[in-house]
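# this is a predicted model, with the sequence first.
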Amino acid sequence: MRYSSISADELIRACVEFGDDDAWQEFVSRFHRPISLSVLRTARQWSDVPRQVVDDLIQETYVKLCAEKCGPLLEFAKQHPEAVAGYIKTVAANVVRDHFKSLHSQKRGAGQVPESLEESDRKGCAVGSIAGSQSDFRILLAQIDQFLTTATAPDRERDRLIFWLYYRQGLSAKAIAALPHVGLSAKGVESAILRLNRFVRQRIVEVRSDAMNQSRSDEKGFRPAESY
């Protein structure tokens, strides 16, 4: 099927409902330029913005569009098929505005509450089999995001993007590889996912082991108060 000839709403339906990798490639081919231009034009309102920041905001736009299994994007496309391009450009502009508003708030010392991460239902995920309350699970997901953010790997931002697009948004390795700036083949993305999964599991074990050792140390150092 030649996706280049179908309408935007039909293309998005093919991406979301059928998970077709070729459809995702066509989506990127069709909307990457509008997304990039919208990000650039909006970012210029904050004077000169480094190219790396612009690239990160472009990638964040894709993540935003894929949020909630692409539910909002698909719903809008069904209701307003003629305005899909405008919707996507608006999402990109809002991503940029939210980014710089957050920076401004942080500079003023305002407390920021991190956005909760959605529960992953992908088999084989490092957190997929973790039990417990929803609150505990969200704390764990936030902790995993911190692991990915503070990793020493030179491509940690790319790795973090790949991890969450795969486990949080459900994109296939082929679809992720089609995104600009990822710079990996589908096989390369699969290898990165396996590597990141091992890394996250190892960090979870280390943190829990440290916490257990600290707890034992506290118990040994505890002395009840003497009675008089």
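All right, it came through fine. A quick note: this is a predicted structure, and the numbers were derived from the prediction, not measured.

# now for the lowest-mean-pLDDT helix or strand in the chain, which elements pack on it?
The helix or strand of the chain with the lowest confidence, counting by mean pLDDT, DSSP states H and E, is helix 134-149 at a mean of 77. In terms of contacts (3 or more C-beta pairs under 8 Å, 6 or more residues apart in numbering; DSSP states H and E), helix 134-149 is packed against helix 156-167, helix 186-221. No exception for glycine: its C-beta is placed from N, CA and C like everyone else's.

# mind checking how far C70 is from W24?
According to C-beta to C-beta, to the nearest Å, C70 stands 10 Å off from W24.

# who's more crowded, these two?
W24 (24 against 20; other C-beta atoms under 10 Å).

# can I assume the more buried one is in contact with A177?
No. When contacts are counted by C-beta atoms under 8 Å, W24 is not listed as touching A177 (9.7 Å).

# can you say which of the helices and strands packed on helix 134-149 is packed in most?
helix 156-167 (a mean of 21; mean count of other C-beta atoms under 10 Å).

# so it versus helix 134-149, what angle?
140 degrees (axes from the mean of the first three to the mean of the last three C-alpha atoms, to 10 degrees).

# can you give me how far helix 156-167 is from the chain middle?
Relative to its chain's centre, helix 156-167 lies at 6 Å (C-alpha atoms, centre = their mean, to the nearest Å).

# next secondary structure element downstream of that helix?
helix 173-177 (DSSP states H and E).

# other SSEs contacting that next one?
Counting contacts by 3+ C-beta pairs under 8 Å, 6+ apart, helix 173-177 is packed against helix 21-43, helix 156-167, helix 186-221.

# I'd like to know which of those is closest to F147.
helix 186-221 (4.6 Å; C-beta to C-beta).

# quick one: secondary structure of A153?
coil (DSSP: H, G, I helix; E, B strand; the rest coil).

# in JSON lines: the helices and strands packed on helix 134-149, plus distance to V49 and mean pLDDT.
Shown next, in JSON lines, are those (distance: least, C-beta to C-beta, whole Å; pLDDT from 0 to 100):
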{"stretch": "helix 156-167", "distance to V49": "16", "mean pLDDT": "84"}
{"stretch": "helix 186-221", "distance to V49": "27", "mean pLDDT": "82"}
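
# export these to JSON lines and tack on distance to V91?
Shown next, in JSON lines, are the helices and strands packed on helix 134-149 (distance: least, C-beta to C-beta, whole Å):
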{"stretch": "helix 156-167", "distance to V91": "16"}
{"stretch": "helix 186-221", "distance to V91": "24"}
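
# so which of those helices is nearest L74?
Using C-beta to C-beta, those put helix 156-167 closest to L74, at 16.9 Å.

# measure the residue most central in space within the chain to E82 for me?
Centroid-nearest residue in the chain, with C-alpha atoms, centre = their mean: W164, separated by 4.2 Å. Distance from W164 to E82, counting by C-beta to C-beta: 31 Å.

# work out for me the element the nearest residue to the residue nearest to the centre of the chain once chain neighbours are set aside sits within.
Nearest non-adjacent residue to W164, counting by C-beta to C-beta, 6 or more residues apart in numbering: V63, 6.9 Å away. Using DSSP H and E, V63 sits in helix 51-65.

# what residues of that helix count as buried?
V54, D55, D56, L57, I58, Q59, E60, T61, Y62, V63, K64, L65 (16 or more other C-beta atoms under 10 Å).

# what mean pLDDT does that helix have?
The pLDDT scores in helix 51-65 average 89.

# tell me the helices and strands packed up against that helix.
helix 21-43, helix 84-107, helix 156-167.
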